[in-house]
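1. missing the sequence, but the structure's below:
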């Protein structure tokens, strides 16, 4: 009577997509979110474990884009040799749990889990990240901002597999940064987090990409705040509540009240673009 | 077929591919150094190395470990582990030991890559493993390769930082905790629990349900309970059913047990269990409780009990005071968050029910389990496993009556292992308190009087609520002369989690308010805050608010020891002003009575020499990591006059050890220590009676040969024949603290021994974000006599870590924070440097002068931190924890800025996972 539910561990993408098309499966990658969501001894239900699928893991650089396989772990991103534009993503990688979680948790899993407080999302938004979704009849690409719909909601169809995150070459320029605010130093779910990628030439901001996480149902870019920076000498004071708050819709929860989240997001963003300033906690 | 490589051996795995690696390692491969604390990757207790990288084994499906090298404490490099084990023992880095294997695994990953790591590198490597006992400093020191302090005693051991006697099994992974006893064929017990704060329920056809689920042997409900379905810490107020009868009063209250084959019961989805719920209105905080309909018919106003201490005319004293400080404070539910959830196993030996489970109070467990199960006490034997942290909540019954019932009904071994969520819902908490107080002083800064009122949310059942109501009014003055005093505390029932015992029994909550108001008075009088406190500190011969004359108090000595640090800290804080950071310094003190409040709480210790010359100490004080196995043995060894290494420990085990009471109330070093000292002295006299030597004789025990030497004469002692306990020479002594019951005004001698202490907190507040970093704590505690200075320091560091958590981050929200990622406890990166100063002013009643320490250490921490925050930035908190948004709001208020009210949305209860 205790027939275990099917557990698939295919070796190729085609095989994985065939299995996925049958429906009723939970896709398992690093399992750091899946196991945390159950008290059971086993992953519940029928499982498609994509950890052995060839080609889903690793960072590849092409002429027009940098591609990070969905099964790439946070530890791999943390330790990778990447351009300064990825500094924010690498800092975020250090904040995904501690080393235990970083060793197993994957970029793709983080994006499929779609927590409003997912550490990876704000820096990826500043990198103009796109996600690659594969199914049996083809592959599509969409902006990460469009892929994330709401808390725990994505645009991924049930028969689609998130296979990679793609960063366009033009977004691999400049320098990235990331700050996370929580009530303790390690292993903490954000009260707020901010990411920035700036291209500064001759003291003038030529390009700015800013984002905030954990202050809205999905992390968000801040076009008005970016516009306020571009064309001017780098000045954190240009980041005012007025250009940030309208993009946020924070909730009050066990970690902080809503008004605080907005205040903190503004302060964190200013620090994110002012090198050397950090979060004390 | 899944294969794992373990210690050079390939093992084939039979478990399902989606099974947690932690389960496979523990249950299929028997590698029980892998501990399970949360099954969610939040605590790191199950950390193992997978191809050299530390991972949480609970988060890895075994299929993903196929073909990898798995390393646990049992299977990895013996050399590196031996070095780490020695370092952990020499630093006292393992207290309860439940996190130790995970810490060592994390350290191994680091040390292989980096044999000489910095402290920062160690912190980063250990960040994923939570420890609730040690405060981390000693663990970091051990991993960083610092020289440890432990040394062997040459002769007398009291005062020597000897390694803990039970340390080896904690550092090599062989320590046996509640979930680690699991013989084949054991049935699994799971509880069906209420999903509502308050509900009526009807059970359907449970027999039919059981028959439709293969592997289920029995479904048990309240009607199956053969004895009295009421237990509780205070027998006269026992009100808690082991299984609810028609009505549940808190979220998670058990209504039925499902018992059956391990795999089958573990896999059951209990959502189709035949029970219908009718949710009823509920009361969640102490104000709602006091105003609402009673949970228990005989407790109008939901008042469980009221405690009161009155001396002099406080109102008149305040009216004529030069300065009066007035304020209120609210504290949160605080969860014990030990890393080991409750677990245990029961089986029958003849007609005796034997229960191995984690606990702090084996004899109380025996008596209450026997009562619930309708058994004579002699037919229940409680064998405490190691407790993976307790801090008060493992004083209450947890799994014991439930597995006992299942074992009696099925006749087979039955075990129960609570999940993290189950533990957090069903275990007790620290009482939330709503308190107000007024304290007055004269123009010279001398305290004139104080009034205090506190309502404490005691939750659904009595548990240790009466103890909180009794202790708070006795202690709310703080360790300060308060000539006119009126303090009242009430324990109020609600449908919140049961509040019970938690390190300090309400005194830490009350101390926050008193110490915050002392800063107001110091400011009003223009006195330095330390000097203000020193001026009012208890001195020998002073009378407490309970009318007790103190014989020995080291309070002034504590302040004097801190004075130099205080001046340095104030200067440091003034010199530092960052762009967005301000530093502040705060101070607070504590006093705390050791043992039960005006009630008998004896300990009995047996010690003997066997016919073949072995020295055995029946040590019934459960060691939950604090060190009683070592401290009691040190006291006994020195009183007897043999080296501590000669002592073999027996127990705790209700069949083998006389009653040493509960590990609570900071009583074991004092009360059990006194009993051990007395028993050892009697044994010494028995031994020397076989000689004509004086008491100056020196004993020796080598290879079973007991000798006495006096001057140049040596005599061998022939132990003789065994008595009924197996001893040729044996002593058994009882000690009960000389106290008196308190009268209606709380007057009397509630405790025979008190401990005292004071702590300085140095903090840095980010005034733009409201975040607080504690930089350093300097703690001076009068321990009377430091029986083991290493263990005493461990208590201080661990207590401070818990006090810091209470001050800054810990807030249990019923129904919302039942895991270790929404409920935050300090990580290795959150604890400050701790400077410990042990003051040794002997107590005339304590064993060799010793006082208790375990709870004292937590009391001053939170108020010292809050006072430091205020010193840094003016923020005056009125509730804990001081989360960033609360601190920022208080900063704005202090600056006179209007604070934007939180825009509360409908989904305020949402907690993002």
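-> That came through fine. Predicted, not measured: the structure shown is a model, and the values here were computed from it. Numbers count the residues shown, from 1 in each chain, chains lettered A, B, ... in the order given.
2. what about the closest residue to residue B:39 other than its chain neighbours, neighbour count?
-> Nearest residue to residue B:39, sequence neighbours excluded (CB to CB, 6 or more residues apart in numbering or on different chains): residue B:58, at 4.8 Å. To be clear about C-beta, it is placed using only N, CA and C from the backbone, and glycine gets the same treatment. Applying other CB atoms under 10 Å in any protein chain shown, we find 30 residues neighbouring residue B:58.
3. wait, is residue B:58 part of a helix?
-> Yes. Counting by DSSP: H, G, I helix; E, B strand; the rest coil, residue B:58 is found in a helix.
4. ok, it - contacts?
-> Residues in contact with residue B:58 (CB atoms under 8 Å, 6 or more residues apart in numbering or on different chains) are A:35, B:20, B:21, B:22, B:36, B:38, B:39, B:40, B:41, B:46.
5. the third one: neighbouring residues, count only.
-> Number of residues near residue B:21 (other CB under 10 Å) recorded here: 29.
6. so which of the contacts of residue B:58 is the most crowded?
-> Among the contacts of residue B:58, residue B:46 has the most neighbours (other CB under 10 Å), with 31 neighbours.
7. that one and residue B:22 touch, don't they?
-> Yes. Contact criterion CB atoms under 8 Å: residue B:46 and residue B:22 qualify, at 4.3 Å.
8. shared neighbours, the two?
-> Common contacts of residue B:46 and residue B:22 (CB under 8 Å, 6+ apart): B:34, B:36, B:56, B:57, B:58.
9. so how far is chain A from residue B:247?
-> 26 Å (CB to the nearest CB, to the nearest Å).
10. how near is the residue lying closest to that residue once chain neighbours are set aside to residue B:322?
-> Nearest in space to residue B:247, with sequence neighbours left out and distances taken as CB to CB, 6+ apart, is residue B:200 at 5.4 Å. Distance from residue B:200 to residue B:322, counting by CB to CB, to the nearest Å: 57 Å.
11. and residue B:37, by the same measure?
-> In terms of CB to CB, residue B:37 sits 53 Å off from residue B:322.
12. more neighbours: those two, which one.
-> Taking other CB under 10 Å, residue B:37 and residue B:322 do not tie; residue B:37 has more neighbours (29 against 15).
13. helix or strand for that one, which one?
-> According to DSSP states H and E, residue B:37 maps onto no helix or strand at all.
14. tell me how far it lies from chain A.
-> Distance from residue B:37 to chain A, counting by CB to the nearest CB: 12 Å.
15. with residue B:513 instead?
-> According to CB to the nearest CB, residue B:513 and chain A sit 23 Å apart.
16. and that residue, how many neighbours?
-> Number of residues near residue B:513 (other CB under 10 Å) recorded here: 25.
17. over to residue B:180?
-> Residue crowding around residue B:180 was assessed by other CB under 10 Å; the count is 21.
18. same deal with the one 10 residues further on?
-> Other residues near residue B:190 number 23, with proximity taken as other CB under 10 Å.
19. dihedrals phi and psi, the closest residue to chain B within the stretch 101-250 of chain A?
-> Proximity of the stretch 101-250 of chain A to chain B (CB to the nearest CB) peaks at residue A:185, 3.3 Å away. Main-chain dihedrals, residue A:185, degrees, to the nearest 10: phi -80, psi -40.
20. wait, it sits on residue B:832?
-> No. If you go by CB under 8 Å, residue A:185 and residue B:832 don't touch, sitting 11.4 Å apart.
21. so for the two, which residue has more residues nearby?
-> Neighbour count, other CB under 10 Å: between residue A:185 and residue B:832, residue B:832 has more, with 22 against 18.
22. which regions of chain B lie under the pLDDT threshold?
-> Low-confidence segments of chain B (pLDDT under 70): B:897-913.
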